[in-house]
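Asker: what's the 3D shape of this:
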Amino acid sequence: MKIAIYSKNFYPSIGGVEITSMILANVLDELGYNTKVITETPLNGKNEIETKFCIRRVNNILSFIVSILSSDLVIVKGGISLKAGLFCVIFRKKIINYFEMHGPVLIEGNNIADLIKNILIKVILMNSSMNVGVSDSCLNSKGKILKKIKIYNPINSELTQHNYTNSKAKKYDILFVGRLIRSKGIMLLLDSLMILEKKKKELFVCIVGDGEEMRNIINEINKFEYIKFDLWGSTEHQKLKRAYLDSKFVVFPSIQPEGMGLVLIESLFFGLPVIVSDQEASIEVIGDAGVVVKTGDVEDLSAKIECLTNDNEIVQILSERAIKRSELFSLNEYKNKISYMLNEIIN
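Answerer: Prediction:
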């Protein structure tokens, strides 16, 4: 069977959908399917990555249609795509909508354009073979859709390939990993740490990521005296693993609903407790291996951070729970779910 993964954003772009599209393509190849990735992301001067599957970078509608026509099944990463979905309906191709984000399927609006788009979305949904969500929260946010299945994203195998010893004496008290944008809660984290700074609390914080708030972050961390920071920017998997191994716990204070943050499952894999905002998907993922704070509440976040930095016993208990819970997000578990879903569709 020829399977195409349509991922509008792909390497060299960096993000959750890009990473999970790569993982899915590798898994499909391992399962014996003729796999290709269709993307509109240009290389922008970078070399193409070496993969066992084919990568088709399309820059016009004709090459896009040809790529769809040469496939038996199209998996649309990131949710509904009117372009990919309608061509699949027209050419009678099987389609799987793979939702990564929290939020409704239909567009909220009453103008003619939105009404037409919603009609087309409903047509695509009616003709879809399956709808995948990365968490219960992600699926539930889509409303009433038929033929659906939950498949948790797995830990990226590239993070498990390098052998390092887990540090007993942790270099960093706190780790933040993610895009440096306000919706991910990075400025909220700095505000909460300023409360501890005023208490003369000495901490070492590692921030991994890049984004539009980088300049503001640099300006803010220069105001601290007792709390020190390492600002890594974007980094390769080998160095990212080192950050996880050298940290006591992770803070993931997103102020927007998440479909399923990859940082959460990475943290669990490395046995790190996670402080998360009370978003449904985040709570679902961490289970009993973390601490929940009220979304956007600086005082609550500051208090929970102070609690974990002062109580190594709690951190150890949560760490043991994290390692156990990470089994839910293993690559083998993911592969089995993908295989089961495809067998259901094919049969």
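Asker: Does residue 98 fall in a helix, a strand, or a coil region?
Answerer: With DSSP: H, G, I helix; E, B strand; the rest coil as the basis, residue 98 sits in strand.
Asker: wait, isn't it in contact with residue 80?
Answerer: No - using CB atoms under 8 Å, residue 98 makes no contact with residue 80, being 10.0 Å away. Quick note: C-beta positions are derived from backbone N, CA and C, even for glycine.
Asker: what about the least confident helix or strand in the chain by mean pLDDT, distance to the chain center?
Answerer: Sorted by mean pLDDT, DSSP states H and E, the helices and strands of the chain end with helix 237-245, the least confident at a mean of 87. For helix 237-245, the gap between its own C-alpha mean and the chain's C-alpha mean amounts to 17 Å (CA atoms, centre = their mean, to the nearest Å).
Asker: so how many other residues sit close to residue 215?
Answerer: Residue neighbour count, defined by other CB atoms under 10 Å, stands at 9 for residue 215.
Asker: Kindly confirm my reading that it is in a helix.
Answerer: Yes - secondary structure of residue 215 (three-state DSSP): part of a helix.
Asker: ok, now how distant is it from residue 221?
Answerer: 11 Å (CB to CB, to the nearest Å).
Asker: Ok, residue 257 next?
Answerer: Residue 257 is 28 Å from residue 221, where distance means CB to CB.
Asker: try residue 244
Answerer: Using CB to CB, which is the criterion applied here, residue 244 is 21 Å from residue 221.
Asker: Among those two, which residue is more densely surrounded?
Answerer: Comparing residue 244 with residue 221 by other CB under 10 Å, the one with more neighbours is residue 244, at 23 against 17.
Asker: Check whether the more buried one really touches residue 175, as I assumed.
Answerer: Yes - in this structure, residue 244 sits in contact with residue 175. The criterion is CB under 8 Å, and the distance is 6.9 Å.
Asker: what residues do these two have in common as contacts?
Answerer: Taking CB atoms under 8 Å, 6 or more residues apart in numbering as the contact definition, residue 244 and residue 175 share the neighbouring residues 250, 267, 272.
Asker: filter the residues you listed to the buried ones?
Answerer: By neighbour count, with 16 or more other CB atoms under 10 Å, the shared contacts of residue 244 and residue 175 hold 250, 267, 272 as buried.
Asker: Next step: these restricted to helices.
Answerer: The helices in this structure, assigned by DSSP state H, contain residue 267 from these.
Asker: Which strand or helix spans residue 302?
Answerer: Residue 302 belongs to helix 298-310 when elements are defined using DSSP states H and E.
Asker: Average pLDDT for that helix, rounded please.
Answerer: Model confidence over helix 298-310, given as mean pLDDT, is 97.
Asker: One more: stretch 55-67?
Answerer: Mean pLDDT, computed over stretch 55-67, is 95.
Asker: in a helix, that's where residue 337 is, yeah?
Answerer: Yes - Residue 337 sits within a helix when classified using three-state DSSP.
Asker: residues contacting the residue lying closest to residue 314 once chain neighbours are set aside?
Answerer: Taking CB to CB, 6 or more residues apart in numbering, and ignoring the residues beside it in sequence, residue 314 has residue 308 as its nearest neighbour in space, at 6.5 Å. Shown in contact with residue 308 (CB under 8 Å, 6+ apart): 248-249, 273, 275, 291, 314-315.
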